[in-house]
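Asks: Sharing a model that was predicted from the sequence below.
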Amino acid sequence: MHRKDFIRSAVMGAAAFTIVPRHVLGGKNYLAPSDRIGLGFIGNGKMGLGLLNSLSKINETIVLATSDVDKKKLARFVERATEANSKKVSAKVDGYNDYRELLGRKDIDAVVIATPDHWHAQMVVDAAKAGKDIYCEKPLSLTIAEGRAMVKAVRKYKRILQTGSMQRSSHNFRHAAELVLNGYIGDIKEINVSVGEPVRECDLAVLPTPDYLDWDRWIGPSAYRGYNPVLSPPIEDDSWAWWRGYKGFGGGLITDWGAHMFDVVQWALEMDKSGPVSFTPPEEGGAQSGLYYTYKNGIKVHHRKWGGEKDGNAIQFIGTEGTIEVARSFIRSNPAPIAEMKIKDSDRRVYFSDNHQQDWISSIKKRTLPICDVETGHRTATICNAINIAYELRRPLKWNPAKEIFDNAFANMMLSRPYRAPWNFMDF
């Protein structure tokens, strides 16, 4: 072979080699590092670990960093994330006390926020400003004003946000929503939602702060109060932290479970971009159930216990031609065959997802809205927060879902809350 022909053949061979698919070169599940979505986790408690388990099973992800104010939980998370990475590629996981250091890294594409609720708004706004896509646990916000700011920030910076209302990616709730939507029980007359009590004032004793916990940073933007392990349990305690029950940190079971159940009501009624027009609490003082809210079309949604003790957190849709009852463990109806009916091809359908975290990753890649976008999460959180406001004020309230304002000056003062310096969720 002449030298010129040899060079031509070598160049052509090299060019052909470069277009061989990467999965052929690296094995069936090979994915180049540049094709993976670099994740950062903020919040390393029980929910954060659960999300690590779910997201690590998705081949396109890799965990690069995490942040927590509890040194012990941070170290445990780093260890488990490193182990999860090793099943795909070798990648170091860095741990930070200050989540803003994590956001400053260019190799992190998206963040998972699994902190107490009082941190959600600030972290979502900061993540959007930093150009990160976001998975934020439900309830999306602690106040209505925070939620609207989160929507604006996510839209301004063109980010993808998935709210952790994962019941939308469950067969039971999707099927119930489609049965309701398509009139399988006739016109909806009334809905009953069984979840627990409203938020309460925090009356916990102040105890010495453990040396492994940065308590001032745990409090963050909320009004300061002393440490109690109920709010931030030690790593040895595997129970759910109960910051969620106290004002300033959570919204009680109204937001904790209500963000799941009221969310499905919104979904089934096609109200994801709107909401109720009034909230009517019970007249008796101290009541923790009995409130109802009303949509413009007259449908009333009652917060009250219904069904048996084993039914737990569940929804009952009452129509002119039957009822549908749904929870994580069941879907049933009266007449009984309705719950087993297949949705016809000609029926209207809701967004399909059978894996909430995979739906987020797919939406990031396609740059499309996920099943529980920021606006959807905000509208559901708004209902939960408005319920708490109505229970506290003990008076009927009219609500304008377009302007997001009450007809009551005291209620409007509760749309937001004071922030401790230097935090400011409106800085975007």
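Replies: Happy to help now that I have it.
Asks: name the helices or strands packed onto the longest helix along the chain?
Replies: Secondary structure of the chain per DSSP state H: the longest helix is helix 374-393. Packing partners of helix 374-393 (3 or more CB pairs under 8 Å, 6 or more residues apart in numbering; DSSP states H and E): helix 144-156, strand 161-163, helix 252-256, helix 258-268, strand 278-280, strand 292-294, strand 397-400, helix 409-413. From N, CA and C alone the C-beta is placed, and that goes for glycine too.
Asks: Format these as JSON lines; extra columns: mean neighbour count.
Replies: JSON lines is the format used below for the helices and strands packed on helix 374-393 (neighbours: other CB atoms under 10 Å):
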{"stretch": "helix 144-156", "mean neighbour count": "22"}
{"stretch": "strand 161-163", "mean neighbour count": "30"}
{"stretch": "helix 252-256", "mean neighbour count": "24"}
{"stretch": "helix 258-268", "mean neighbour count": "26"}
{"stretch": "strand 278-280", "mean neighbour count": "20"}
{"stretch": "strand 292-294", "mean neighbour count": "21"}
{"stretch": "strand 397-400", "mean neighbour count": "18"}
{"stretch": "helix 409-413", "mean neighbour count": "13"}
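Asks: Can I get the ones you listed in TSV including distance to residue 46?
Replies: Shown next, in TSV, are the helices and strands packed on helix 374-393 (distance: least, CB to CB, whole Å):
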stretch	distance to residue 46
helix 144-156	23
strand 161-163	18
helix 252-256	13
helix 258-268	16
strand 278-280	31
strand 292-294	31
strand 397-400	34
helix 409-413	33
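Asks: Mind putting those into a markdown table with mean pLDDT and distance to residue 301?
Replies: Conversion of those to a markdown table gives the following (pLDDT from 0 to 100; distance: least, CB to CB, whole Å):
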| stretch | mean pLDDT | distance to residue 301 |
| --- | --- | --- |
| helix 144-156 | 98 | 18 |
| strand 161-163 | 98 | 20 |
| helix 252-256 | 98 | 13 |
| helix 258-268 | 98 | 6 |
| strand 278-280 | 98 | 10 |
| strand 292-294 | 98 | 5 |
| strand 397-400 | 98 | 13 |
| helix 409-413 | 98 | 19 |
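Asks: wait, which of those is closest to residue 70?
Replies: helix 252-256 (20.6 Å; CB to CB).
Asks: helices and strands around the closest one, which ones?
Replies: On a contact count with 3+ CB pairs under 8 Å, 6+ apart, helix 252-256 meets helix 374-393.
Asks: Show me what counts as buried in the helix it packs on.
Replies: For helix 374-393, a neighbour-count test (16 or more other CB atoms under 10 Å) marks 374-393 as buried.
Asks: contacting residues around the residue nearest to residue 233 when sequence neighbours are not counted?
Replies: Nearest residue to residue 233 in three dimensions, chain neighbours excluded: residue 241, at 5.3 Å (CB to CB, 6 or more residues apart in numbering). Listed by CB atoms under 8 Å, 6 or more residues apart in numbering, the contact partners of residue 241 are 45, 46, 116, 230, 231, 232, 233.
Asks: The third one is in contact with residue 245, isn't it?
Replies: Same thing as residue 116. No: counting by CB atoms under 8 Å, residue 116 does not reach residue 245; the two are 11.1 Å apart.
Asks: Overlap of the contact sets of the two?
Replies: Contacts common to residue 116 and residue 245, judged by CB under 8 Å, 6+ apart, are absent.
Asks: ok, then the element right after the lowest-mean-pLDDT helix or strand in the chain?
Replies: Lowest mean confidence among the helices and strands of the chain (mean pLDDT, DSSP states H and E): helix 22-26, at a mean of 42. Per DSSP states H and E, the first helix or strand lying C-terminal to helix 22-26 is strand 37-42.
Asks: Partner strands of that following strand and their direction?
Replies: Partners of strand 37-42 in the sheet, by DSSP bridges, are strand 61-67 (parallel), strand 110-113 (parallel).
Asks: tell me the average confidence for it?
Replies: Here strand 37-42 scores 98 as its mean pLDDT.
Asks: May I have that strand as CSV, with CA atoms only?
Replies: Output of strand 37-42 as CSV, limited to C-alpha atoms (Å, rounded to 0.1, in the frame of the first residue of the first chain):
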residue,chain,number,x,y,z
ILE,A,37,-27.7,14.3,35.3
GLY,A,38,-25.5,15.5,38.2
LEU,A,39,-27.6,15.7,41.4
GLY,A,40,-27.2,17.6,44.6
PHE,A,41,-29.3,16.7,47.6
ILE,A,42,-30.4,19.3,50.2
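Asks: quick one: buried residues of the helix or strand that comes right after that strand?
Replies: Sequence order places helix 46-56 as the next helix or strand after strand 37-42, per DSSP H and E. Within helix 46-56, the residues that qualify as buried by neighbour count (16+ other CB under 10 Å) are 46, 47, 48, 49, 51, 52, 54, 55, 56.
Asks: what packs against helix 46-56?
Replies: With contacts defined as 3+ CB pairs under 8 Å, 6+ apart, helix 46-56 has these neighbours: strand 37-42, strand 61-67, helix 71-86, strand 110-113, helix 356-366.
Asks: now the strands for the stretch 201-350 of the chain?
Replies: Along the stretch 201-350 of the chain, the stretches classed as strands by DSSP state E, counting those that start in this stretch are 278-280, 292-294, 300-303, 314-319, 322-327, 330-334.
Asks: Reformat these as JSON lines; add distance to residue 176.
Replies: Formatted as JSON lines, those follow (distance: least, CB to CB, whole Å):
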{"stretch": "strand 278-280", "distance to residue 176": "24"}
{"stretch": "strand 292-294", "distance to residue 176": "19"}
{"stretch": "strand 300-303", "distance to residue 176": "14"}
{"stretch": "strand 314-319", "distance to residue 176": "7"}
{"stretch": "strand 322-327", "distance to residue 176": "4"}
{"stretch": "strand 330-334", "distance to residue 176": "6"}
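Asks: So which of those is nearest residue 420?
Replies: Minimum separation from residue 420 across the strands of the stretch 201-350 of the chain (CB to CB) falls at strand 278-280, 29.2 Å.
Asks: Could you tell me which ranges of the protein sit under the pLDDT cut-off?
Replies: Low-confidence segments of the chain (pLDDT under 70): 1-34.
Asks: Using the record's assignment, carve it into domains.
Replies: Domain segmentation of the chain under automatic domain parsing yields 3-166, 170-346+374-428.
Asks: okay if I get these as a markdown table plus distance to residue 368?
Replies: Shown next, in a markdown table, are the domains of the chain (distance: least, CB to CB, whole Å):
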| stretch | distance to residue 368 |
| --- | --- |
| domain 3-166 | 8 |
| domain 170-346+374-428 | 13 |
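Asks: between those, which gets nearest to residue 355?
Replies: Closest approach to residue 355 among the domains of the chain (CB to CB): domain 3-166, 8.1 Å.
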